[in-house]
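Asker: for reference, the sequence and a predicted model appear below.
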Amino acid sequence: MSIDLKTIKHISKLSRISVDEKKAEKLAGDLNSIFDFIEKLNELKTDNVEPLTSVAETTLKLRSDEVKSKNLRDQVIKNSPKKNEDYFVVPKVIE
Amino acid sequence: MSDITKQSLSELVENIKSKKLSSNEVTKAFVERSEKSKELNAYITEDYANVLNKAKKFDEKPNLDLKLPGIPMAVKDLFCTRDLRTTAGSKILNNFVPTYESTVTQNIWNEGAILMGKLNCDEFAMGSSNETSFFGNVQNPIDKNLVPGGSSGGSSSAVAAQLTPITIGTDTGGSIRQPASFTGTVGLKPTYGSCSRYGIVAFASSLDQAGPMAQNVKDCALLQEVISTYDEKDSTSIDFKRNEYSKELTKDIKGKKIGIPKEYRVDGMPKEIEDLWKKGIEYAKDCGAEIIDISLPHTNYALPTYYIVAPAEASSNLARYDGVKYGFRAEGENLIDMYEKTRSEGFGAEVQRRIMIGTYVLSSGYYDAYYLKAQKVRKLIKNDFDEAYKKVDAILTPSTPSSAFKIGEKTNDPVSMYLNDIFTVPVNLAGLPGISIPAGHDAKGYPLGLQIIGKAFDEQNILNIAYAMEEKINFKNNITDWWVK
Amino acid sequence: MSKNKSEYLINRHDNQYEVVIGLEVHAQVTSQSKLFSTSATKFGAEPNTQVSLVDAAFPGMLPVINEFCVKQAIKTGIGLKAKINKRSVFDRKNYFYADLPQGYQISQFKDPIVGEGKVILDMPDGQKEVGIERLHLEQDAGKSIHDLDPKNTFVDLNRSGVALMEIVSKPDLRSPDEVNAYIKKLRSIMRYLGTCDGNMQEGSLRADVNVSVRKKGTKEFGTRCEIKNVNSIKFMQMAIEYEANRQVDLIEDGQTIDQETRLFDTKKNETRSMRSKEDAHDYRYFPDPDLLPLEVSDDFIENLKSEIPELPDEKKKRFIEKFKLSPYEANILVSDIETSNYFENVIKKSDVKLATNWIIGELFAALNEKNLEITESPISAGNLSKLINLIKDGTISGKIAKTVFEQMMEGDKDPQKIVEEKGLKQESDPKALEALIDKVIDDNRDKATEYKSGKVKLFGFFVGQVMKVSGGKANPQLVNEILKKKL
């Protein structure tokens, strides 16, 4: 199995992390060595094994429908790198 | 008292309770030592002026019924602390100041402790040597240019160097136990669901657990009893009966059955580790425990499983760092451009690498082959432990396959770095508690640790075994204060 | 066959095309707080004032599920006669967008809370069953505002994390009319249940519309396009019409249809491709490790079943059987929970037939004219009931009743009082009427003579005169009787 540069670029797009050629090549090398090591799992037959998502052997607890969080606008916006009085501000979205 | 910082947490608590020491005296001593220890780079953010104020305030009206009365403490910078910068060791959170407090740290402050500052760690807890931190390497007080382990490297360094009487770290694949082992300290990773994850910067949600890091087992037990609470704000927090671990601590482990898994004798394991393990078995026998050989057949698959599950969850958990709501933002021509630049400049290389791995294993066409497969193998790994625990009460293994290595030694080889966690990762995958205690030194004089793995929610038992063995081992850390200025 | 008459087909040259439509309806769950956080869900709040640290995805914040939203989803499932899944799983749908703070939406992918169900539509040519594929719970996103600033987009997270039910239909719909009926029925069921207010203006009900076309008679589905986020029935119908014709044109032109996501431009009345193909979406769904599987017991579901009110289909059946309403009348009266409540309140104490006529006739017309909902009706059910009783017992005539009704529309006044104050009570005293009639005959001697000589048409004239002189208050039935005698 080999991860090529095209795949690296595709994943970097999905991850919203920009990569240039040099970085892509380095990443391809790293990922290939990591996946070589991961491939070990293929030694195991797991057809009849239930996947384990959480080790917590309990089910979801439900909370009551109460409004507890008050208006936190100042707190919520405070840390934003760009904002105005009311909103988070981001560069124009182009569809 | 000039040797305040040499005292254990339990001694300090005792001395404050009996009014032999004030919080101010204790706090001042640790602040002074921390200030002289900048070369270790254990801190990311210091809060000395505030902590001294808090100590004075505590002394004005001391509540001595608390479990941690006026005890100063620095914590890993993965815990969100109200009004004090929380970075997770990342540029992307460089200027982030939470308006809220993690449940675990809140529990600590509720028992009277006061915050000294935030300790260095690998970026988003992704690393085994603290070398991925945006805020630089941390020195291991054992020797210059030695890594303190990771990801809780600032924490292990700070405890070993006595910059803080005790601390908390987080452990996703070994991030408490491995640095504890590298620094000659004690580190406990509790059962998944024991400590709330609320307010802890997430790495891999199904694996992350906070836990205490201390100079001895008793201190560790005391802090564990403070931080472990059921929390409605964390849907994976588990409501079980929690012990008063320090009060119920006993060295009487007679008749306890301790399993020795043959699969942990990995290829190329240094003889020193093998010898340490044998010594550990003898100590356990001396304490009256019964040694039983067991098998955990899927041990070798734990690391590959971990390197699918953890990056997958991380790739999604770290999607929120996009330059919109908080943290670092790089300017961009449009939204997507801004995202890509922010995340490319804001995250370090290891974090980017893991996000990429995680994105890949979840992506269309690869999900079944990697992510689903890993979840199935995770089940097999858990089954191994379930099976073993029908025969034994706990399992004894080495904590790490080697002692601490030099800074820079493994940075160019991610896989060899990942192999560091070979003995600790299975424990996270199975959600079990595990404790690392210092058990000896290698030829270079570097500490080595042993790991005791327990049944789920059976922290008391492994603390007891560790407590009993600690006495037999009688470990002494070689701290020379080489960094103190 | 009448069935063929209403069939919706697109004709091009010699070919007839059938349109196949499936809907993914996003219905906002009626709840006080959000699906995974405790902030409020009120519509129209100031921007970013209903945003918790969880909604804005601050580091270390974790989701905790709202029990009421779970109940609402299950109730809706019961209302759709659907299978309730006792175990369901929340997954993360990963993608980046300014108004998606977590970088993922918590949704249900493989194991939704509700499975297959059905909805019955009442079409002019009979009933039609539309299959429901599934219903799942998910978080709403925030809002990106593009038109407040030339260079920037503003983000409001008030909606972020609000609970939505995504209700996915099977591709069973065949025309814009059926889509109209389907949405209305779905809305009606949810409003009966109180699980979604169905307010389309406020965005509580939106739909993604899947459209494909195929030559009439073929079994295989054509390639479908998904028209995203359409927020009114009218737009859905327009979008379908445009899109179906676009696809037919492509096929007729020998071209293929790309499976893609499209947007309906309400200004230009056309759909257009939303995203370029190379930026194909890969949502990387996986179970949310911050949440455990959601499990509900049989008891939990049974308790909810016991809370389910009578739903429109059952109510319609009862109205027809018990009150002998026509299917048409019953349909109108059950179409909305508020209307049926109003109707049932009116008939508690008055005649069903009259109530039906007055509600469907006068009341609806008057409300329509004033652009009011039945819940805003100036006339309460109690007072309409009184008015109907005044007619029934002969206190006022139907004609006077209309006058009284008009005054009631000006403010919820007791009809009895209006009648008394304005002296509108019907004159039913035979003696008084006789005197009145005598006078009218006296005043119109010549016409009386003509009548007697055989010009019976003039009877109407005399009735009119009597009514006029009585100011409309004379009991028409008695007037008739007495007049006949006297003439």
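Answerer: On my side now, so go ahead.
Asker: please make it C-alpha for all contacts and neighbour counts, starting now.
Answerer: Will do.
Asker: the closest residue to chain A within the stretch 151-300 of chain C: neighbour count?
Answerer: Relative to chain A, the nearest point of the stretch 151-300 of chain C is C:Asn152 (4.3 Å; CA to the nearest CA). Neighbourhood size, C:Asn152 [other CA atoms under 10 Å in any protein chain shown]: 18.
Asker: now do the buried residues in the lengthiest helix in chain C.
Answerer: When chain C is parsed with DSSP state H, its longest helix is helix C:233-252. Buried positions in helix C:233-252, judged by neighbour count with 16 or more other CA atoms under 10 Å in any protein chain shown: C:233, C:236-241, C:243-248.
Asker: report the backbone C-alpha coordinates of the longest helix belonging to chain A in CSV.
Answerer: Longest helix in chain A, counting residues (DSSP H): helix A:21-38. Extracted in CSV, the C-alpha atoms of helix A:21-38 (Å, rounded to 0.1, in the frame of the first residue of the first chain):
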residue,chain,number,x,y,z
GLU,A,21,5.2,20.1,-2.6
LYS,A,22,7.9,19.7,-0.1
LYS,A,23,5.6,19.3,2.8
ALA,A,24,3.5,16.8,0.8
GLU,A,25,6.5,14.7,0.0
LYS,A,26,7.6,14.6,3.6
LEU,A,27,4.1,13.7,4.7
ALA,A,28,3.8,11.0,2.1
GLY,A,29,7.0,9.4,3.4
ASP,A,30,5.9,9.6,7.0
LEU,A,31,2.4,8.3,6.4
ASN,A,32,3.7,5.5,4.3
SER,A,33,6.0,4.3,7.1
ILE,A,34,3.2,4.7,9.6
PHE,A,35,0.7,2.7,7.4
ASP,A,36,3.3,0.0,6.8
PHE,A,37,3.2,-0.5,10.5
ILE,A,38,-0.5,-0.2,10.7
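Asker: now what about the following helix or strand past it, what contacts it?
Answerer: Using DSSP states H and E, the next helix or strand after helix A:21-38 towards the C-terminus is helix A:73-78. Residues outside helix A:73-78 that contact it (CA atoms under 8 Å, 6 or more residues apart in numbering or on different chains) are A:83, A:86-88, B:99, B:325, C:48-53, C:56.
Asker: pull out the buried residues from helix A:73-78.
Answerer: Across helix A:73-78, burial judged by 16+ other CA under 10 Å covers A:73, A:76-78.
Asker: need the residue closest to the centroid of chain A.
Answerer: What sits nearest the mean C-alpha location of chain A, by CA atoms, centre = their mean, is A:Ser15, with 6.8 Å.
Asker: who's in contact with that one?
Answerer: With contacts defined as CA under 8 Å, 6+ apart, the neighbours of A:Ser15 are B:315, B:319, B:355-356, B:359.
Asker: what about chain A: which of those touch it?
Answerer: B:315, B:319, B:355-356, B:359 (CA under 8 Å from any CA of the partner chain).
Asker: ok, back up a step: could you give me the ChimeraX selection string for whichever of the contacts of A:Ser15 are buried?
Answerer: Buried residues within the contacts of A:Ser15, by 16+ other CA under 10 Å, are selected in ChimeraX with:
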select /B:315,319,355,356,359
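Asker: number of residues surrounding residue 60?
Answerer: You didn't pick a chain, so chain A it is. Neighbours of A:Leu60 under the rule other CA under 10 Å: 17.
Asker: if you could check chain C rather than the one you did, that'd help
Answerer: Counted with other CA under 10 Å, C:Gly60 comes out at 23.
Asker: contact partners for it?
Answerer: Here C:Gly60 is in contact with B:80, B:102, B:197-202 (CA under 8 Å, 6+ apart).
Asker: what's the distance between it and chain A?
Answerer: 14 Å (CA to the nearest CA, to the nearest Å).
Asker: ok, back up a step: ok, and which of the contacts of C:Gly60 reach chain C?
Answerer: Among these, the ones lying near chain C by CA under 8 Å from any CA are B:80, B:102, B:197-202.
Asker: so what pLDDT did residue 23 get?
Answerer: With no chain named, the answer covers chain A. We have a pLDDT of 95 for A:Lys23.
Asker: nope, chain B
Answerer: pLDDT, B:Ser23: 98.
Asker: returning to what we had before: can you pick the most crowded of the ones next to chain C among the contacts of C:Gly60?
Answerer: B:Cys80 (33 neighbours).
Asker: closest to B:Lys278 out of the buried residues of helix C:233-252?
Answerer: Of all those, B:Lys278 sits closest to C:Met236, with 74.1 Å by CA to CA.
Asker: which residue, other than its chain neighbours, is closest to that closest one?
Answerer: If the residues on either side of it in the chain are set aside, C:Met236 comes closest to C:Val230, at 6.1 Å by CA to CA, 6 or more residues apart in numbering or on different chains.
Asker: what segments of the stretch 301-450 of chain B are strands?
Answerer: B:394-398, B:434-441, B:447-454 (DSSP state E, counting those that start in this stretch).
Asker: got the CA coordinates for the last one in PDB?
Answerer: If I follow you right, that is strand B:447-454. Taking Å, rounded to 0.1, in the frame of the first residue of the first chain, the C-alpha atoms of strand B:447-454 are listed here in PDB:
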ATOM      1  CA  PRO B 447      15.000   5.700  36.100                       C
ATOM      2  CA  LEU B 448      12.900   2.800  34.900                       C
ATOM      3  CA  GLY B 449       9.300   2.200  35.800                       C
ATOM      4  CA  LEU B 450       7.000  -0.700  36.300                       C
ATOM      5  CA  GLN B 451       3.300  -0.600  35.300                       C
ATOM      6  CA  ILE B 452       0.500  -2.200  37.300                       C
ATOM      7  CA  ILE B 453      -2.700  -2.600  35.300                       C
ATOM      8  CA  GLY B 454      -6.000  -3.100  37.200                       C
END
